[in-house]
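> compute the structure for the input listed below.
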Amino acid sequence: MNAAPATLCPGTSGVSFVADPSSTSIVVPAFNEEEAIGPLVQRLREAGAWREILVVDDGSTDATAARALAAGATLVRHPYNKGNGAAVKSGIRKATGEFILIIDGDGQHRANDAGRIVARLGEYDLVIGARSTGTHATRARLLGNSALNWLAGYMTGRRVPDLTSGFRGARASCLREFLHLLPNGFSTPTTTTLAFIKAGYNVAFEPIDAEAREGESKIRLARDGVKFLLIVLKIVTLFNPLRVFLPISLGSFAVGAAYAAWTIATQSHIANTSVLLIMLAVIVFLVGLVSEQIAALRFERRE
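Take a look at the predicted model:
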């Protein structure tokens, strides 16, 4: 089945469509989720008359593919494991609906919440299922996600209650606009959230509760936490570079100016360190300013 031609997002076309299950494709990335995938697909089918349910088997070595097919899903297979993000991208490319709902294949998300998320699409271009603080697996995971949420809020200028939730619905054409930015790893939710906010699209957070996942989580805080942080910085520097460069410039200038004032008062001269710090501040600010102009060109003409 070929993907439907992408239409423009309302931010560029001024056209708005109302979402419903019949116009929504569900994309379920799955890797070795044989225990959860069958019941999840069955519950999704019971929750609404969806246009299609696409399970993207990301090179699983267990019975994930067979159980997804048995439950009534349309299967997309990777010959080897590429990563959660790569599976999501494959699903987006194959989806034929005007809207796309992405849900993790580990069984932690409730199928009944899918209708609430889709019901807000049309008015919003991206609706994210924001998990309550009590549904995180560990305290370390909660603290890590809270730190990322705060950083994303600072970078984007709006409150972000759940940056990394894999349960989200979006206008298909908007998702495809940012497809080239999506990484193959576990930071696809982070990238889409920041990209939609910085592009000026309508983004909403729908409160949900998450269940304990089936099987073992494939995300490791120590290994993947730094990757999430780098993704946040990467996306924001693509869309709003001064949020990164300006604080560095101001900090360098403040330290250089303070040190210069101290050396003038105590030694009657300006130290080379002060000059270097002030020069660094000017250079970083100018680089940030040029980067901001380049970023603005990304949205001057979007077709």
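> and the pLDDT for the residue of the chain most remote from its centre?
Within the chain, residue 268 marks the point farthest from the mean C-alpha position, 52.9 Å out by Cα atoms, centre = their mean. We have a pLDDT of 85 for residue 268.
> quick check: it vs residue 278, distance?
From residue 268 across to residue 278, the span is 18 Å (Cβ to Cβ, to the nearest Å). C-beta: built from backbone N, CA, C; applies to glycine.
> repeat for residue 150
Residue 150 is 30 Å from residue 278, by Cβ to Cβ.
> higher neighbour count, these two?
residue 278 (19 against 13; other Cβ atoms under 10 Å).
> so what's that one closest to, chain neighbours aside?
Counting by Cβ to Cβ, 6 or more residues apart in numbering, residue 278 lies nearest to residue 256, which is 4.1 Å off, once chain neighbours are set aside.
> can you tell me which helices and strands the helix or strand where that neighbour lies packs against?
Using DSSP states H and E, residue 256 falls within helix 242-267. The contact analysis (3 or more Cβ pairs under 8 Å, 6 or more residues apart in numbering; DSSP states H and E) places helix 242-267 against helix 139-156, helix 221-239, helix 272-297.
> so where do the strands sit in the stretch 1-150 of the chain?
24-30, 52-58, 74-78, 99-102, 126-131 (DSSP state E, counting those that start in this stretch).
> same list, the ones you listed, but as CSV with mean pLDDT and mean neighbour count please.
Below are these laid out as CSV (pLDDT from 0 to 100; neighbours: other Cβ atoms under 10 Å):
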stretch, mean pLDDT, mean neighbour count
strand 24-30, 95, 28
strand 52-58, 95, 26
strand 74-78, 95, 17
strand 99-102, 96, 28
strand 126-131, 92, 24
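> of all the ones you listed, which one is nearest residue 208?
Of all those, strand 126-131 sits nearest to residue 208, with 4.2 Å by Cβ to Cβ.
> what sits up against that closest one?
109, 113, 117-118, 120-121, 161-162, 165, 167-171, 174, 189, 192-193, 196, 201-210 (Cβ atoms under 8 Å, 6 or more residues apart in numbering).
> of these, which belong to strands?
168, 169, 170, 171, 203, 204, 205, 206, 207, 208 (DSSP state E).
> just the closest of those to residue 43, please.
Of all those, residue 208 has the smallest distance to residue 43: 14.4 Å, by Cβ to Cβ.
> residues contacting that closest one?
Neighbours of residue 208 in contact, by Cβ under 8 Å, 6+ apart: 109, 110, 113, 116, 129, 130, 131, 132, 167.
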